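[1] I need the structure of the sequence given here:
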Amino acid sequence: MSEVTNILSAIEQGDSSAAAQLLPLVYNELRHLAASQLAHERPGQTLDATGLVHEAYLRLVGNPQRQAVGDEPHWCGRRHFFAAAAEAMRRILIDNARRKRRPKHGGGRQRVDLEAASPLAATPAKDLLAIDEALARLEKEDPLKAELVKLRFFAGLTMPEAAQALSISLATAERYWAYARTWLYAELQDGDDSV
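    Below you'll find the predicted structure:
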């Protein structure tokens, strides 16, 4: 059993010092995961990889002294922890995108780079919220394919890693991936027509 798995088990048992031991061990991997997620974001994102890692870590582990009994995190191991971290990062980015859409936070306004003298280019309609909505529809139709998309797109797993995480063969994962990509592309194209 790896050191990370042992610490995750200790956190699950309620050891308050284990959370402090976990971050240094997983920080670089979480930062890589955050950078991968932010690579899919529009330019001008105000949240950086470090901030995303810290916010996700707080959502995952939180403050052990403040957690209520029965509210402790439960992970089945290292892979489950990183899948939960990827999902937490995705949720943070979605919440951030929704917040930015509110009139109080700029609503429909668009950031403009003052250094650029060229006219504004049209922004793509396929933003993070559209992807999230399409992914939610796919999840209702086929949860396993939606989970594969989350692992590949948001967690940055390779196809073999994602297949192993889902306990399916590589060939099945590749078929599911091809289907999910085609399905999402069609959903996003339909959404563009309505804009």
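
[2] per-domain residue ranges of this structure.
    Domain assignment for the chain by automatic domain parsing gives 1-107, 123-195.

[3] quick check: mean pLDDT of the longest one?
    On average, the pLDDT along domain 1-107 is 75.

[4] check the shortest one too.
    Mean pLDDT, domain 123-195: 83.

[5] sorry, back to before: export the domains of the chain as CSV, with columns for mean neighbour count.
    For glycine as for every other residue, the C-beta is placed from the backbone atoms N, C-alpha and C. Output for these, formatted as CSV (neighbours: other Cβ atoms under 10 Å):
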stretch, mean neighbour count
domain 1-107, 15
domain 123-195, 16
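
[6] which element is W183 on?
    helix 170-193 (DSSP states H and E).

[7] no no, D132
    D132 is located in helix 128-141, with elements delineated by DSSP H and E.

[8] who's in contact with that helix?
    Contact with helix 128-141 is made by 40-42, 90, 93-94, 97-98, 101, 145-147, 149-150, 180, 183-184, 187-188, 191, as judged by Cβ atoms under 8 Å, 6 or more residues apart in numbering.

[9] returning to what we had before: other SSEs contacting the helix holding W183?
    Contacts defined by 3 or more Cβ pairs under 8 Å, 6 or more residues apart in numbering; DSSP states H and E place helix 170-193 against helix 128-141, helix 143-149, helix 159-166.
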